[in-house]
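compute the structure for the input listed below.
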Amino acid sequence: MTGASPVANRRIAPEPRSQYLVRMSRHLLVAIVAAALGACFPSRAEPPPPAASAEAPPYPLGSAADADSLLMDIRTLDSTIIVDLRYATRNNFMRAPLPGYVANRALLRREAAVALARVQRRLADEALLLRVFDAYRPVRATMAMVEWTSRSDRSDLLRDGYIATRSRHNLGLAVDLTLVDAVTGRELDMGTGFDTFTAAAHTSNASGLVAVNRQRLVRAMVVEGFSNYDREWWHFSYTADPALRFDVDVR
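Below you'll find the model as predicted:
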């Protein structure tokens, strides 16, 4: 095809300067009004929630007398709760009992223990039981975990929040647990085992039956005042005052 298109050769007359100034003034006016409205009616979007953490603030260390008065054995409130204290055995990620774990007893702050007993009573109606992997943890046991990460070149576990230098377990205000079928005695499928330090253990990182089972556990715990740590489906914490750390033996 030869020759230029008549449309291509058509010259567009320039906009008169007066019309240009009017048009730009309108744009400027709209921008000014929009800015004024934004100042009067700021965005209502909520800020993103803070990242979940298992790290506890540096609370003071309680005495042995404080521990005696504030900590209690959860099975004195409900003997159907199963206690499988992993850190009192070799069945844990360190493959050795941790210092301070002398007996297979799950201790919690009295307020948290009472709340956990309420959880078990609710679950009994669904033919489910709680199995506790860890509860109160002596400070020296937490320090042994931190030292292990250094020896094993696993500082990533501290960085990623799977091991804390100051744990709420030290306060007796955290518990690690799962659900058990009361009829068969088998643990419900939660997708990973306890202390799986990968994204697969993140509470929301599940589908199908695993997601259903994790949410059953979360709902049962949350309704009684516990909150879940989103990187570990098994980890729940409770709030009580005064918050004190303890370093007495679990015996």
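
what ranges do the strands span in the stretch 51-200 of the chain?
Remark: strands assigned in the stretch 51-200 of the chain by DSSP state E, counting those that start in this stretch are 71-73, 82-83, 107-109, 128-134, 174-181.

count the neighbours of Arg131 for me.
Counted with other CB atoms under 10 Å, residues neighbouring Arg131 total 18. Placement of C-beta: from N, CA and C, glycine included.

err, Leu123, not the other one
21.

mean pLDDT and distance to Tyr101 for the strands of the stretch 51-200 of the chain - can I get that in CSV?
Below are the strands of the stretch 51-200 of the chain laid out as CSV (pLDDT from 0 to 100; distance: least, CB to CB, whole Å):
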stretch, mean pLDDT, distance to Tyr101
strand 71-73, 98, 14
strand 82-83, 98, 12
strand 107-109, 98, 11
strand 128-134, 98, 9
strand 174-181, 98, 13
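
which of those sits most buried?
strand 107-109 (a mean of 25; mean count of other CB atoms under 10 Å).

what pairs with that strand, parallel or antiparallel?
Using DSSP bridges, strand 107-109 pairs in its sheet with strand 71-73 (antiparallel).

which outside residues touch the strand it pairs with?
Contact partners of strand 71-73, identified using CB atoms under 8 Å, 6 or more residues apart in numbering, comprise 105-110, 113, 136, 172, 246, 248.

now the helices for this structure?
Using DSSP state H, the helices found in the chain span residues 6-9, 17-40, 64-70, 110-124, 139-151, 156-159, 208-222.

hmm, who's touching the last one?
Residues lying outside helix 208-222 but in contact with it, judged by CB under 8 Å, 6+ apart, are 119, 122-123, 126, 128, 177-179, 188-191, 203, 206, 228, 233, 236.

what mean pLDDT does it get?
On average, the pLDDT along helix 208-222 is 98.

cool, and the fifth one?
The pLDDT scores in helix 139-151 average 97.

among the contacts of strand 71-73, the buried ones, what's the ChimeraX command?
Of the contacts of strand 71-73, the buried ones go into a single ChimeraX selection, burial set by 16 or more other CB atoms under 10 Å:
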select :105,106,107,108,109,110,113,136,172,246,248
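
with respect to Leu98, which of the contacts of strand 71-73 is nearest?
Distance to Leu98 across the contacts of strand 71-73 (CB to CB) is lowest for Tyr136, with 12.3 Å.

where does the stretch 51-200 of the chain dip in pLDDT?
Within the stretch 51-200 of the chain, the segments meeting pLDDT under 70 span 51-54.

chain center to stretch 74-86, what's the gap?
Relative to the chain's own centre, stretch 74-86 is displaced by 23 Å; criterion: CA atoms, centre = their mean, to the nearest Å.

same question, stretch 123-133
What separates the centre of stretch 123-133 from the centre of its chain is 21 Å, taken as CA atoms, centre = their mean.

residues in contact with it?
The contact list for stretch 123-133, computed with CB under 8 Å, 6+ apart, reads 74, 80-86, 106, 116, 119-120, 175-183, 187-188, 194-195, 216, 220, 234.

can we see that at 7 Å?
Contact partners of stretch 123-133, identified using CB atoms under 7 Å, 6 or more residues apart in numbering, comprise 80-84, 86, 106, 119-120, 175-183, 187, 194, 220, 234.

same question, stretch 82-100
For stretch 82-100, contacts defined as CB under 7 Å, 6+ apart pick out 75, 101, 103-106, 129-134, 138, 140-141, 144, 148, 180, 194-195, 249-250.

can you tell me the closest non-neighbouring residue to Thr198?
Spatial nearest neighbour of Thr198, chain neighbours left out: Thr192 (7.4 Å); criterion: CB to CB, 6 or more residues apart in numbering.
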